[in-house]
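>>> make a model of this:
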Amino acid sequence: MIPIKTDEEIKIMRENGKILASIMNKLKEKVEPGITTLQLDRLAQSLVLKYGGKSSFKNYEGFPTGLCASINEQIVHGVPSERILREKDILSLDLGFFKDGFHSDMAITIGIGEIDSEANRLIKAAKKALKRGIKKAKIGKTFGDISNTIQRFIESQGFIIIKNLCGHGIGRDLHEDPQILNYGKRHAGLEIKKNMVFCLEPMLAMTGDGEIKKSKDGFGFETVNGSLSTHFEHTVAITEKGVEILTILE
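Sure, this is the predicted structure:
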């Protein structure tokens, strides 16, 4: 069953989302060759505390850090470490923020220094796929409409959909119903209704068949063939006026 939020609950999530977007912007400013992902995690956790919140991810199912930092072939849930970011790497940052009883969730992918043109195109494709999926999130549409829109755009760009990972509902729990695939059929699935809140998160690989495996850290997932991958995510709310991106600064 998909939880329907009250207007007051969405107001709380809206405030949390703005804070999360602000934190992510501050992290993005610090990303450069020579920094480690563990340094980024320390900054993320200090900012979360500064804003009076808690990390949604730390200790979630044993996850050891507050920030997910996934490099190159890692898709999601990479554990920050002393690994140094180098020119031409691509880095996906995923962070959850919990305050006043509710979670918000957001992810971005960043090129480190000068990256090659195909890696840059991969990042842009993931970002555009998310934008197109969000536009389909309307009262009366279905989750299949969102999934199909994301799928068609990714495939039109010649990239690979990571089918074993998906978006999700969010609220009092970090992961709520429904699961939202990045592929599917139009008009299929549950109908989207007012005051639903959920996370859309396209995950793409440059080449291969989309097969994934666990990373050596025991938490991350990465492409089996070592292909570069990208990940973007927003928390969105469905209102009478349309879809509202909660994890964005005005």
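>>> C-alpha from now on. contacts and neighbour counts both.
Fine.
>>> dump the residue contacts of P64.
Each residue near P64 by Cα atoms under 8 Å, 6 or more residues apart in numbering is listed here: 58, 79.
>>> which strand or helix spans it?
Taking DSSP states H and E as the definition, P64 sits outside all helices and strands.
>>> separation between it and G226?
24 Å (Cα to Cα, to the nearest Å).
>>> over to M196?
Distance of M196 to G226, given as Cα to Cα: 36 Å.
>>> between the two, which one's more packed in?
Applying other Cα atoms under 10 Å to M196 and G226 shows that M196 carries more neighbours, namely 21 against 15.
>>> quick one: low-confidence parts of this structure?
Along the chain, segments meeting pLDDT under 70 span 250.
>>> helices of that one, residue ranges please.
7-30, 37-50, 117-135, 143-156 (DSSP state H).
>>> highest mean neighbour count out of these?
Greatest average neighbour count among the helices of the chain goes to helix 143-156 (a mean of 22), per mean count of other Cα atoms under 10 Å.
>>> sorry, back to before: so can I have a markdown table of the helices of the chain showing distance to T109?
Output for those, formatted as a markdown table (distance: least, Cα to Cα, whole Å):
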| stretch | distance to T109 |
| --- | --- |
| helix 7-30 | 9 |
| helix 37-50 | 13 |
| helix 117-135 | 7 |
| helix 143-156 | 16 |
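>>> and D177, which of the ones you listed is closest to it?
Among the helices of the chain, the nearest to D177 by Cα to Cα is helix 143-156 (11.6 Å).
>>> is it true that N72 touches E87?
No. N72 is beyond contact range of E87, at 11.6 Å (criterion: Cα atoms under 8 Å).
>>> who touches both of the two?
Residues touching both N72 and E87 by Cα under 8 Å, 6+ apart: none at all.
>>> neighbour-wise, which of the two wins?
Higher neighbour count among N72 and E87: N72, with 21 against 13, using other Cα under 10 Å.
>>> which ones are touching K18?
246-249.
>>> can you flag the buried ones in these?
Buried by 16 or more other Cα atoms under 10 Å: 246-248, out of these.
>>> of the residues you listed, closest to E82?
Using Cα to Cα, those come closest to E82 at T247, 28.3 Å.
>>> distance between stretch 80-94 and the chain's centre?
On the basis of Cα atoms, centre = their mean, to the nearest Å, stretch 80-94 sits 16 Å off its chain's mean C-alpha point.
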